[in-house]
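>>> any chance you could fold what I've pasted below:
(chains A and B)
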Protein chains: 2
Amino acid sequence: MRKYLLPIMFACALPVTTMAQQQSDSLVLRQLADEVLTHSTAYENLRVLTKTIGARLAGSPQMVKAEKWGFEALKAAGADTVYYQECMVPHWVRGAKEEARIISRLRDFVPPLNVLALGNSVGSGPKGITAPVLEVASFEDLEAKKDQVKGKIVFYNYHFAPTHIKTFHSYRDAYIYRSHGASRAAKYGALAVIVRSMSHGANNFPHTGAMAYDSAFPKIPAVAIGLQDADRLSKRLETDKSMQVFLRTNCQMLQDTIGHNVVAELRGSKYQDQFITVGGHLDSWDVCEGAHDDGAGCVQSIEVLRAFKARGIKPLRTLRVVLFANEENGTRGARKYAALAKARGEKHIMALESDAGGFTPRGFSSTMPADKHAIMVSWKPLFLPYGLYDFEEEGGGTDVGMLHAATGAPMVELSPDSQRYFDIHHAASDVFEAVNKRELELGAFGMAGLIYMADLYF
Amino acid sequence: MRKYLLPIMFACALPVTTMAQQQSDSLVLRQLADEVLTHSTAYENLRVLTKTIGARLAGSPQMVKAEKWGFEALKAAGADTVYYQECMVPHWVRGAKEEARIISRLRDFVPPLNVLALGNSVGSGPKGITAPVLEVASFEDLEAKKDQVKGKIVFYNYHFAPTHIKTFHSYRDAYIYRSHGASRAAKYGALAVIVRSMSHGANNFPHTGAMAYDSAFPKIPAVAIGLQDADRLSKRLETDKSMQVFLRTNCQMLQDTIGHNVVAELRGSKYQDQFITVGGHLDSWDVCEGAHDDGAGCVQSIEVLRAFKARGIKPLRTLRVVLFANEENGTRGARKYAALAKARGEKHIMALESDAGGFTPRGFSSTMPADKHAIMVSWKPLFLPYGLYDFEEEGGGTDVGMLHAATGAPMVELSPDSQRYFDIHHAASDVFEAVNKRELELGAFGMAGLIYMADLYF
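Below is the predicted model of the structure:
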């Protein structure tokens, strides 16, 4: 009989809390969980945000409505104060539905291709673009075929890796084709790009998302394509040498417009001028309800404040709930929040974000000094009964990342189960119905619990 | 700065495997994960089972089709041998759709109540039952009100507890009203029972499930009611003292009929006469596709065998895949399997079941001797990269429980994330679309990995 060796965990090298303190913390966490699982308003808030406001890209009229909704929801949750933080945001509009189809001398019937213009991309002009298609598997493949690119539509058919267990690791490998594919192809004379959607989904939804142009090269149209259509296009290219693709997008980048972070505070009982930030982003892509991305993070952050108030738990530090503007195609809200925090010399204890979906939480990814991280890891036994066990992953969120960069504040992101996330990410399938009430609530509890602990021990 | 004390884990008291062995096991697990996540047939198998066969209660023609499907799927997966194991199964039929409505002197419009007869329950007769309703919150409440029961329909309005983190703990508290509520009420002269569905769902699906009669009391009709209708009924009862409920169910228990376990073997390379069992149950309730319950467990078990074969991993012991007959309303298949194993004096190393949904796996619940369990727990570091961390829960599955009882074999059940399970359990919402491909596959990997380890170290 052989036995596996378990890692021996450090336990004695650092000063320890008393058992009594551990027990008392454990009871507060149980209270927070009971409060959230029994009385949460997160799910109903999400329903209102997604079903009565819906898609809310920066600059859109719905985003203005969402800001007002967020303001009222934070007041209702019991904030001491709620205010707007103005910032300039990009104003990209999709225009009329984009079109794409295969044109072939074979004259067989070919259904249109399901595509979606990438955020921030330019329109094709009313006549569209008709050109042969060059398929590439990767940037390496593009470089190898660079002499064939001129005058073509480049089709990035990079497959989302199925073998990563955490799907964000697949995204990390894949998103560069969406973000940088257009300019990399324009460099060699491409007329447009089609990018295989970043998804494991077994459906045909195209998944949009932000892209950026390199000013050194012409700005060319860029679209995402659904997985089934990507496979169909790839197969056709093998045999139909005469085929071309017609592509028309009608999007444009207008002048920057005004947007707002919505900020609420629960004043600290001891250190009012020290801050713990918790937030999600209020904007979403224009083609979906933004339920998981990131309505969930918003209503969870509001729920943290509500649960603290409802149970009379008074944080020592001031709790700031921030519903960030414009995470999707500019992160201008987060930049504004970080710039103000830095300019005012604010002391930020921790910044926590939820922007990875409203699925069952599994832990937290974070970036902070090693001593702080060791303290956080030592809380694991308190969170394990709630299914939060994964405290090791490095990371943090896009929005709190700006604060981290500006002030060095420890940053944390909630890590929900990631298996379903890229089925719905930036696609029409990101709707309220894809969110489970209890999963959403358990995430809100995890956030509340971490903030309770950081407030006491950071 | 204070630090939480971590539990110091035992690590030195038992003989340990070498680092080289750990590394080699870790590589095999990675191979199994890659195989399943890249080439699994589990999802497609599940589609065929649920969409072309569908609901398959014991005794139904679809169950016969499902047995043939299972036989062929196991052959296709690469089994050395596949065979049927005959057993007698109960043959309960629902008959025409059940009806329930509120009848009141108020003569206002009242929509019908969405109810579903409980499995194994008797029909009401063609005239149905019309009677006043007595609501009770629990068996204690029933006892307190026992003098009011006679001539009434008893309405068990026990609420599924929201504060348990693992939803099966809520089920454990609640299911007794479904299983024993009818006879407990019949004892005091009730004419029928209505049971609030065991669910957190925010919808109105009634959830059926097995019940059993105590032969000491009259057999009375028993139905489940959707949560929204349960709340509506309860509210109405507060104010409308004249109201009665009309209830008609058309179900009946026919004579036992013939069913089969479908069994496949991958012969052991060293100990052919020692067995590791892996399985799920092939039957499902008659009102749903039985995708999570338990199509998922069946296709995952088949996938374990397929992945071993595909990667050329030859278990030392004989691997038995069992698609059990009749888990839902009789467990006759499992009893047969256990009785045969005992009669033949078979040596069973471990029996693993998946019957808690096809959601992302989080670990394993088990019942086995402490020394075996310590060995299993020592594998945690190998499974943690795949998100399986929870090895402590006591348990095991219903079907493997029969083998455990008969032979003492260690029993294990896959523990998937449980938050969504009772949204779909035994309800029309248990359909293929509710299953996520990757979540299903990760569960199959977890099972394959555990079997690989148990085969080597148990």
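
>>> residues contacting residue A:46?
A:291, A:295, A:296, A:299, A:358, A:432, A:435, A:440 (C-beta atoms under 8 Å, 6 or more residues apart in numbering or on different chains). (C-beta placed from N, C-alpha, C; glycine too.)

>>> how near is it to residue A:62?
15 Å (C-beta to C-beta, to the nearest Å).

>>> swap in residue A:435?
In this view, residue A:435 and residue A:62 are 19 Å apart by C-beta to C-beta.

>>> same drill for these two, tell me which one is more crowded.
residue A:435 (24 against 19; other C-beta atoms under 10 Å in any protein chain shown).

>>> thought the more buried one was touching residue A:291?
Yes. Using C-beta atoms under 8 Å as the test, residue A:435 is close enough to residue A:291 to be in contact (5.1 Å).

>>> name the residues contacting each of the two.
With C-beta under 8 Å, 6+ apart as the test, residue A:435 and residue A:291 both reach A:46, A:358.

>>> mind giving me the packing neighbours of the longest strand seen in chain A?
Scanning chain A for the strand with the most residues, using DSSP state E, yields strand A:252-266. On a contact count with 3 or more C-beta pairs under 8 Å, 6 or more residues apart in numbering or on different chains; DSSP states H and E, strand A:252-266 meets helix A:61-77, strand A:81-93, helix A:296-310, strand A:317-324, helix A:332-343.

>>> related to what we said a few turns ago, pLDDT added to the contacts of residue A:46, as CSV?
CSV is the format used below for the contacts of residue A:46 (pLDDT from 0 to 100):
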residue, pLDDT
A:291, 98
A:295, 98
A:296, 98
A:299, 98
A:358, 98
A:432, 98
A:435, 98
A:440, 98
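
>>> and those near chain B, which?
With C-beta under 8 Å from any C-beta of the partner chain as the criterion, those include none near chain B.

>>> dump those to CSV, plus distance to residue A:208.
Below are the contacts of residue A:46 laid out as CSV (distance: C-beta to C-beta, whole Å):
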residue, distance to residue A:208
A:291, 16
A:295, 17
A:296, 19
A:299, 23
A:358, 20
A:432, 19
A:435, 20
A:440, 24
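
>>> between those residues, which is closest to residue B:103?
The nearest member of those to residue B:103, counting by C-beta to C-beta, is residue A:432 at 36.2 Å.

>>> find the nearest non-adjacent residue to the closest one, please.
Leaving aside its sequence neighbours, residue A:432 sits nearest to residue A:50 (C-beta to C-beta, 6 or more residues apart in numbering or on different chains; 4.2 Å).

>>> name the spans of chain A whose pLDDT lies under the cut-off.
Along chain A, segments meeting pLDDT under 70 span A:1-17.

>>> how close does the spatially most central residue of it get to chain B?
In chain A, the C-alpha nearest the mean C-alpha coordinate belongs to residue A:355, at 4.4 Å (C-alpha atoms, centre = their mean). Residue A:355 sits 20 Å away from chain B, going by C-beta to the nearest C-beta, to the nearest Å.

>>> ditto for residue A:353
In terms of C-beta to the nearest C-beta, residue A:353 sits 21 Å off from chain B.

>>> for that residue, name its beta-bridge partners.
residue A:279, residue A:413 (DSSP bridges).

>>> contacting residues for residue A:242?
A:104, A:105, A:106.

>>> since that was my last question, I'll sign off now.
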